[in-house]
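K.L.:
Return a 3D structure for these sequence lines:
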Amino acid sequence: MIYNELGSSGLKVSALSFGSMRWANEEDCSEIIHRGMDRGMNYVDTSTGYIGGKSQVWVANAIRHRRGEILFSSKSFWATSQTADKAYARLVETLETLGLDYFDLYQIWGIGSVRMVKDATKKGGTLEGLRKAEGEGLIRRGIGFTFHGPPKAFRAAVDTGEFVSATVSYNLSNREEQEQIAYAAERGVGVILMNPLAGGPLAKPSDRRLDFLRREGTGPVYGALRFLLANKNVATSLIGLATPDQVDEDLRALESPEELTEEFRQTLIRRMDDKKFTKAKVCTGCGYCRDCPQGFDPTRFMELVRDHAMYAATGEKRADWLERHYAAVGTSLAAELGKCTECGQCQEKCPQKLPIAEEIRRAKEVLR
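P.N.:
Purely as a prediction, here's the structure:
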């Protein structure tokens with residue numbers, strides 16, 4: 001395992017660590033975590049909302065008897081933790097639910113504007129409640145933030161000097177946060193990456209454009225992760241392991257660390273850009289938008305919009321692509337879109353700030 005300093009926190013974290021949105025069930029979660037820990041993985045990122053709240057319960061059960069071997073991080077929705085009292089109560093309630101005594105790190109979830117930074121760090125705000133918990137030993141190794149927003153908001157959060165870590169979306173196909181990552185690292189804030197495989201597209205074994213990321217016996221995930229490992233400003237990357245076998249497959253990316261140079265990283269960037277793989281923000285399949293009051297599934301729709309942009313190499317029209325893929329699972333695109341009232345709730349929840357309502361309107365118009 002490769003270990004990196006988490007900024008100036010004094011912590012050393014495994015270069016690849018556990019994301020926790022992809023567990024299929026508790027049994028797989030436990031087996032994946034133990035296999036990864038046996039291989040040296042020592043950081044897991046959870047939240048109150050993943051997998052309907054079950055994710056962090058499964059993780060807590062898995063690590064209970066190996067608690068000292070892993071750094072356990074969690075967070076809660078900004079909407080439920082905007083005051084010191086609410087943030088503190090939410091954290092205490094979560095620990096009681098998990099049957100654990102403490103978190104190693106705790107994060108303010110979803111910094112998206114300078115106003116949110118100011119609200120979170122003001123007297124009586126979220127940070128004050130988390131500092132109280134930290135003073136009582138309920139948070140032992142520091143407070144961080146996760147980020148979806150403009151660069152000025154990211155830098156405002158870093159410049160407060162209050163945070164030991166910043167969790168941000170970054171991968172070979174979407175390098176939008178490159179400058180922010182360097183900015184945080186230079187100021188002693190440990191950088192944690194989410195969406196390292198762009199929500200799945202960089203791990204597609206069927207995409208021949210990604211052959212340059214493979215090594216014998218591997219899929220493109222091998223090179224996609226090595227690209228991240230070569231960035232010296234990154235402390236760890238959260239990988240969404242869905243099956244126990246993926247632990248061994250993904251950890252192959254750690255081999256031959258002497259090759260993980262800046263020259264290697266720049267070579268992969270050039271080759272990726274030559275492939276004209278989309279650089280835009282795309283749906284990562286997080287599922288935050290899935291709870292539609294009308295029963296429409298925006299996540300599935302936006303994943304297919306993404307896949308059309310990435311894989312419809314034959315030039316098939318988006319409407320035809322969507323109809324064909326909905327039909328493949330016995331569903332009518334027109335019927336599904338007909339459920340949507342364009343209320344905008346899904347778009348408000350999207351951490352990538354994708355124009356979901358606009359994409360739905362476009363699809364409806366074409367069908368008409």
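
K.L.:
Which strand or helix spans residue 237?
P.N.:
Per DSSP states H and E: residue 237 is located in strand 236-239.

K.L.:
Over to residue 193?
P.N.:
Per DSSP H and E, residue 193 falls inside strand 190-194.

K.L.:
For the helix or strand just after that strand, list the C-alpha coordinates in CSV.
P.N.:
Next along the chain after strand 190-194, taking DSSP H and E as the criterion, comes helix 221-229. What follows is helix 221-229, C-alpha atoms only, in CSV (Å, rounded to 0.1, in the frame of the first residue of the first chain):
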residue,chain,number,x,y,z
VAL,A,221,-9.7,1.2,-14.2
TYR,A,222,-6.1,0.3,-13.8
GLY,A,223,-4.8,3.4,-15.7
ALA,A,224,-7.6,5.7,-14.5
LEU,A,225,-6.5,5.1,-10.9
ARG,A,226,-2.8,5.3,-11.6
PHE,A,227,-3.5,8.8,-13.1
LEU,A,228,-4.8,9.9,-9.7
LEU,A,229,-2.0,8.1,-7.8
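
K.L.:
And helix 221-229, what's buried?
P.N.:
For helix 221-229, burial by neighbour count (16 or more other Cβ atoms under 10 Å) applies to 221-229. For glycine as for every other residue, the C-beta is placed from the backbone atoms N, C-alpha and C.

K.L.:
Export those residues to a markdown table and append columns for pLDDT and distance to residue 162.
P.N.:
Compiled in a markdown table, the buried residues of helix 221-229 are given as follows (pLDDT from 0 to 100; distance: Cβ to Cβ, whole Å):
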| residue | pLDDT | distance to residue 162 |
| --- | --- | --- |
| 221 | 92 | 35 |
| 222 | 94 | 37 |
| 223 | 93 | 36 |
| 224 | 93 | 32 |
| 225 | 96 | 30 |
| 226 | 96 | 33 |
| 227 | 96 | 30 |
| 228 | 96 | 26 |
| 229 | 96 | 28 |
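
K.L.:
out of these, who's nearest residue 306?
P.N.:
Closest approach between these and residue 306, by Cβ to Cβ: residue 224, at 16.1 Å.

K.L.:
give the contact list for that closest one.
P.N.:
Neighbouring residues of residue 224 by Cβ atoms under 8 Å, 6 or more residues apart in numbering: 171-172, 196-197, 202-203, 210, 213.

K.L.:
Leaving out chain neighbours, which residue sits closest to it?
P.N.:
Using Cβ to Cβ, 6 or more residues apart in numbering and skipping the chain neighbours, the partner closest in space to residue 224 is residue 202 (4.1 Å).
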